[in-house]
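1. Quick check, what structure comes out for this input:
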Amino acid sequence: MNSAQYAIAITNELRDRVHDWLDGLRIGHMLHLSLNLPSPLPVGFPFGAFYLSETLEWIHEYGAEQLRHIHAISFVFQGRTNGPGSSVAWRVATTGEIDLGVFEIAAGVHDDTALPFSIDSALVLEATLASLQLRAPLHLSSQVGSVPNVQPNTVPHSFRDFELRTAGGTLVCHLGRRWD
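-> Here you go, the predicted structure:
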């Protein structure tokens, strides 16, 4: 294994460990909602000035050597990425600024007041977990479509699909449809 392959393997191992950490927070949050236990999430999550961090440490055997890895991880809400009217994003990264997972919501979806789902802690955690698992940033956006009416001289029905996709456009999850 060359150094580039080793770096990829370690980054993937780190993503898996961050996934386990965030999944524990997600499960703790579900218990908070269902059993009224204390929430593991900070006040203000998923919006607002929160900061979640964790230090992950493990020993990795590389040939005859043992290498100790220590990584400080942060999970933050970046807010509007490019000022008013731009998308909002959550980011999981190392202190070395390596993005491990990113969940971004298009401005039009974030600002929509009639979504068929909630933008809440559960959605943010699950989308971020999917980003870590897929090893790709995820983007929540909407697509407009229409269904032609079978009766003559009538207007087609339009709808808006809300979808979670990778940066490459691969559909990860269909979150809902609204008929306009």
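
2. which helices and strands does the helix or strand hosting R160 pack with?
-> Under the criterion of DSSP states H and E, R160 resides in strand 157-166. For strand 157-166, the elements it packs on are helix 121-134, strand 138-147, strand 171-179, judged by 3 or more Cβ pairs under 8 Å, 6 or more residues apart in numbering; DSSP states H and E. To be clear about C-beta, it is placed using only N, CA and C from the backbone, and glycine gets the same treatment.

3. Give the full set of residues in contact with the residue positioned nearest the centre of the chain.
-> The centre of the chain sits closest to T128, judged by Cα atoms, centre = their mean, with a distance of 2.4 Å. Applying Cβ atoms under 8 Å, 6 or more residues apart in numbering to T128 gives the contacts L22, F75, W90, V92, G101, F103.

4. Could you identify the helix or strand that succeeds the biggest helix by length in the chain?
-> Of all segments of type helix in the chain, defined using DSSP state H, the longest is helix 3-35. Following helix 3-35 in sequence order, the next helix or strand is strand 51-62 (DSSP H and E).

5. Going by neighbour count, list what's buried in that following strand.
-> Under the neighbour-count criterion of 16 or more other Cβ atoms under 10 Å, strand 51-62 has L52, E54, L56 buried.
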